[in-house]
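> With the input below, show me the fold.
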Amino acid sequence: MGLKVALACDHAGFSLKEAIKAFLSAGEAVPGAEVTDLGTFSDAPVDYPDTGVLAAEGVARGRFDRAVLVCGTGIGMCMVANKVPGVRAALCHDEFSARASRQHNDANVLTLGARVVGAGLALEVVRAWLATGFEGGRHARRLEKLRRIEERYAREAGKENPGGREDGGGGR
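Numbering: from 1, shown residues only. This next block holds a predicted model:
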């Protein structure tokens, strides 16, 4: 079985997401990639957190190996993805950053800005990102530090909000 890649976008990223989907489905980036499109499915206005979180959670839970998220700038999708523990999202608009995000940071989510980068370059960024592996070594030590930071904040959040409810558990 090939690499499982999720795609998601908001309305601003719809056209670029479709180009990436065609590119991946044709096997031009990674032969045999299994591509899952989580939406949106048109250029009708939607909020980026609604689709971005689906892909990020899918990566964190192991349903997908990686995800590519697209919005107008790539910033919003990067922010929402990085809220999900276990996700290491990187906003990349060039091949060097895409490769470095994999080699040094083991990024499992790539975000792109459809209003920032053209389709041709975006496809090359996706190709570079998917083709690059994690180097490990000294970089693994740094990822372990990131994991511990996530754990610490999760523990602290649990103490502040023991019921796990958004309203603080006290009801209203």
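> Going by C-alpha atoms from here, please, whenever you check contacts or count neighbours.
Will do.
> where do the helices sit along the protein?
Ranges of helices within the chain are 14-25, 48-60, 75-81, 95-103, 119-131, 138-160, based on DSSP state H.
> Count residues in the vicinity of the closest residue to residue 32 other than its chain neighbours, would you?
Setting aside the residues directly before and after it, residue 32 is nearest to residue 2 in space (C-alpha to C-alpha, 6 or more residues apart in numbering), at 4.9 Å. Using other C-alpha atoms under 10 Å, residue 2 has 11 other residues around it.
> for residue 27, same thing?
13.
> re earlier: switch the helices of the chain over to JSON lines; also include distance to residue 33 and mean pLDDT.
As requested, the helices of the chain are exported to JSON lines (distance: least, C-alpha to C-alpha, whole Å; pLDDT from 0 to 100):
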{"stretch": "helix 14-25", "distance to residue 33": "7", "mean pLDDT": "97"}
{"stretch": "helix 48-60", "distance to residue 33": "15", "mean pLDDT": "98"}
{"stretch": "helix 75-81", "distance to residue 33": "21", "mean pLDDT": "98"}
{"stretch": "helix 95-103", "distance to residue 33": "17", "mean pLDDT": "98"}
{"stretch": "helix 119-131", "distance to residue 33": "10", "mean pLDDT": "98"}
{"stretch": "helix 138-160", "distance to residue 33": "26", "mean pLDDT": "90"}
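> what's the closest of those helices to residue 42?
When the helices of the chain are compared by C-alpha to C-alpha, helix 14-25 sits nearest residue 42, at 6.3 Å.
> Dump that closest one to PDB, keeping only the CA atoms.
C-alpha atoms of helix 14-25 as PDB (Å, rounded to 0.1, in the frame of the first residue of the first chain):
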ATOM      1  CA  PHE A  14     -10.100  25.000  -3.800                       C
ATOM      2  CA  SER A  15      -8.600  25.300  -7.300                       C
ATOM      3  CA  LEU A  16      -5.100  24.600  -6.100                       C
ATOM      4  CA  LYS A  17      -6.300  21.600  -4.000                       C
ATOM      5  CA  GLU A  18      -7.900  20.200  -7.200                       C
ATOM      6  CA  ALA A  19      -4.600  20.600  -9.100                       C
ATOM      7  CA  ILE A  20      -2.700  18.900  -6.300                       C
ATOM      8  CA  LYS A  21      -5.300  16.100  -6.200                       C
ATOM      9  CA  ALA A  22      -4.900  15.500 -10.000                       C
ATOM     10  CA  PHE A  23      -1.100  15.600  -9.700                       C
ATOM     11  CA  LEU A  24      -1.100  13.100  -6.800                       C
ATOM     12  CA  SER A  25      -3.700  10.800  -8.300                       C
END
